[in-house]
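Trainee: This is a predicted model, with the sequence first.
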Amino acid sequence: MLPNKVAIDIIRRYMARFEKGEDIEEFRRDLIKDLLNHGVLVKTEDGTYTLVSECKEELMHSRIGALKESVEKFVIPSNLKHIKNPKILDLCSGIGYNSIGALHYNRNCKIDMVECCKEVLFLSLCLDIPYEEHNIIKNRIKDFLEGDVNRSTINIYLEDGRNAIKKLEGGYNVVFHDAFSPQRDAVLYTVDFLRKVYKKMDDNGVLISYSSSIPFRSALVEAGFILSEGHPVGRRRGITIAYKNPSPDRKIRRISPTDERLIAISTVGIPYRDPNLNFTHEEIVEHRKLERMEFKKRLLEIGRYYSTKKVKLGKVDKRFLNIQRLDLNSTQVILKMREVLGI
Ligand SMILES: C[S@@+](CC[C@H](N)C(=O)[O-])C[C@H]1O[C@@H](n2cnc3c(N)ncnc32)[C@H](O)[C@@H]1O
């Protein structure tokens, strides 16, 4: 899914002026006014701006604040302040809030920004984001749009994350996974894509996502990640913090017991898949629907099918509940419950 089409068309008109050599200062306020007047740019509660997406109900950021969200949901939980020369993959980098926040907390970051929409990158040049590190990102975006090839500290990949991941060098200590919601666009939430990301991460690397979706967390488990839950910011459910191999000083917080059971033994836990990294969202959803039906059939055959309601209430075989009482992390619990399930 992309940002709103009306917004893209408006930004494109102003971008043409930039491409003809006009100074951005000459028109950037008009661009912002134009976007606001069309209701496709939104001022969030911390005073920073975000765009409306193709689906009008979903914004690119939470209304509590675009910059606030980036700092509280991504930068602080990643612990990058305490990592020496962190290497970051900023997936769906958009306007660049997460990269700006990362640089604000650690100037020694090396960042690969991946974004498929040129107009969103350009919009960053026209906004005022109250961290001076915005200038670093602005300069890099400007150079990139003027044809400068990637440098060593901040690189921009203007393409689908599924293509970018194949060629990126890797070694990431931190991955910001900031795609639109999996309910509306699942392409970056599949087992297959997340496996590729996993391979490109440093051994102690961490992936952060605002999403707490069950099929996404299930995909993370299948891709090899250790699940942990961060504190909720501006919503009821906590963010997802997924480790490749967490160092002993990292606190692993279990996801809720209900979510563990849903992932492990219910059809809701069937993850998104995209074996050749080329399915559309609709194809991913359709394949998952079929896999859920097949899974339910197999569970019924072996007499281990539980309705989602029963799973949520914990009205399941005691062996599953006993596993949940063990001193393990959520990924270990889920894998053990699946062993007992026997599928
Ligand atoms: C929720 S917004 C992320 C906001 C962003 N982190 C920021 O600081 O502005 C999602 C972004 O992902 C981009 N996007 C959507 N699908 C993508 C894909 N398959 N690969 C790369 N970028 C994608 C959209 O254009 C949009 O800018």
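Mentor: Great, that's in hand.
Trainee: CA only for contacts and neighbour counts going forward, please
Mentor: Noted.
Trainee: gap between residue 339 and the ligand?
Mentor: Separation of residue 339 from the ligand (CA to the nearest ligand atom, to the nearest Å): 34 Å.
Trainee: Give me the neighbour count for that residue.
Mentor: Burial of residue 339 is recorded as 11 neighbouring residues (other CA atoms under 10 Å).
Trainee: ditto for residue 150
Mentor: 14.
Trainee: Also residue 142?
Mentor: 16.
Trainee: Contact partners for it?
Mentor: Residues counted as contacts of residue 142 (CA atoms under 8 Å, 6 or more residues apart in numbering) are 122, 125.
Trainee: Over to residue 44?
Mentor: Residues near residue 44 by CA under 8 Å, 6+ apart: 50, 62-66.
Trainee: Report the two of the residues you listed separated the most.
Mentor: Pairwise distances across the contacts of residue 44 (CA to CA) peak at 10.9 Å, for the pair 50 and 64.
Trainee: between these two, which one's more packed in?
Mentor: Set residue 50 next to residue 64 and count neighbours by other CA under 10 Å: residue 50 wins out with 23 against 17.
Trainee: check contacts around that one.
Mentor: Shown in contact with residue 50 (CA under 8 Å, 6+ apart): 41-44, 59-61, 66.
Trainee: Same list (the residues you listed) but as TSV, adding distance to the ligand, pLDDT and secondary structure.
Mentor: Below are those laid out as TSV (distance: CA to the nearest ligand atom, whole Å; pLDDT from 0 to 100; DSSP: H, G, I helix; E, B strand; the rest coil):
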residue	distance to the ligand	pLDDT	secondary structure
41	12	97	strand
42	12	97	strand
43	13	97	strand
44	13	97	coil
59	7	93	strand
60	4	92	coil
61	6	90	coil
66	7	96	helix
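Trainee: Most neighbours out of these, which is it?
Mentor: Among those, residue 66 has the most neighbours (other CA under 10 Å), with 26 neighbours.
Trainee: Verify the stated contact: that one with residue 97.
Mentor: Yes. Contact criterion CA atoms under 8 Å: residue 66 and residue 97 qualify, at 7.2 Å.
Trainee: May I see the buried residues of the helix or strand hosting residue 139?
Mentor: Taking DSSP states H and E as the definition, one finds residue 139 inside helix 134-145. By 16 or more other CA atoms under 10 Å, the buried positions in helix 134-145 come out as 134, 137-138, 140-142, 144-145.
Trainee: Now that helix - C-alpha only, CSV.
Mentor: Coordinates of each C-alpha in helix 134-145 appear next as CSV, following Å, rounded to 0.1, in the frame of the first residue of the first chain:
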residue,chain,number,x,y,z
HIS,A,134,16.8,16.1,10.0
ASN,A,135,19.4,18.1,8.0
ILE,A,136,21.6,15.0,7.7
ILE,A,137,18.7,13.0,6.2
LYS,A,138,17.5,15.9,4.1
ASN,A,139,21.0,16.4,2.6
ARG,A,140,21.2,12.7,1.8
ILE,A,141,17.7,12.6,0.2
LYS,A,142,18.5,15.7,-1.8
ASP,A,143,21.7,14.2,-3.1
PHE,A,144,20.0,10.9,-3.8
LEU,A,145,17.2,12.6,-5.8
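Trainee: Next, see if that helix gets close to the ligand.
Mentor: No. Helix 134-145 is not in contact with the ligand by CA under 6 Å from any ligand atom; minimum separation 11.3 Å.
Trainee: tell me the mean pLDDT over that helix?
Mentor: What helix 134-145 shows for mean pLDDT is 96.
Trainee: now stretch 2-17
Mentor: The average pLDDT within stretch 2-17 is 95.
Trainee: contacts for that stretch?
Mentor: Stretch 2-17 is contacted from outside by 27, 31, 34-35, 38, 40-41, 51-56, 60, 117, 119-120, 122-123, using CA under 8 Å, 6+ apart.
Trainee: Of those, which belong to helices?
Mentor: If you go by DSSP state H, these have 31, 34-35, 119-120, 122-123 in helices.
Trainee: and residue 193, what does it touch?
Mentor: Contacts for residue 193 (CA under 8 Å, 6+ apart) come out as 162, 187, 274, 277.
Trainee: Farthest-apart pair in these, please.
Mentor: Using CA to CA, the contacts of residue 193 reach their maximum pairwise distance at 162 and 274, which is 10.2 Å.
Trainee: who has more neighbours, those two?
Mentor: residue 274 (22 against 19).
Trainee: what about residue 279, how many neighbours?
Mentor: Applying other CA under 10 Å, we find 15 residues neighbouring residue 279.
Trainee: With the one 10 residues further on instead?
Mentor: Counted with other CA under 10 Å, the burial measure for residue 289 works out to 16 neighbours.
Trainee: for residue 170, same thing?
Mentor: Residue 170 - counted by other CA under 10 Å - has 18 other residues nearby.
Trainee: What distance do you get for the closest residue to it other than its chain neighbours to residue 174?
Mentor: For residue 170, ignoring the flanking residues on the chain, the nearest one in space by CA to CA, 6 or more residues apart in numbering is residue 200 at 4.2 Å. From residue 200 across to residue 174, the span is 10 Å (CA to CA, to the nearest Å).
Trainee: Perfect, I'm done here.
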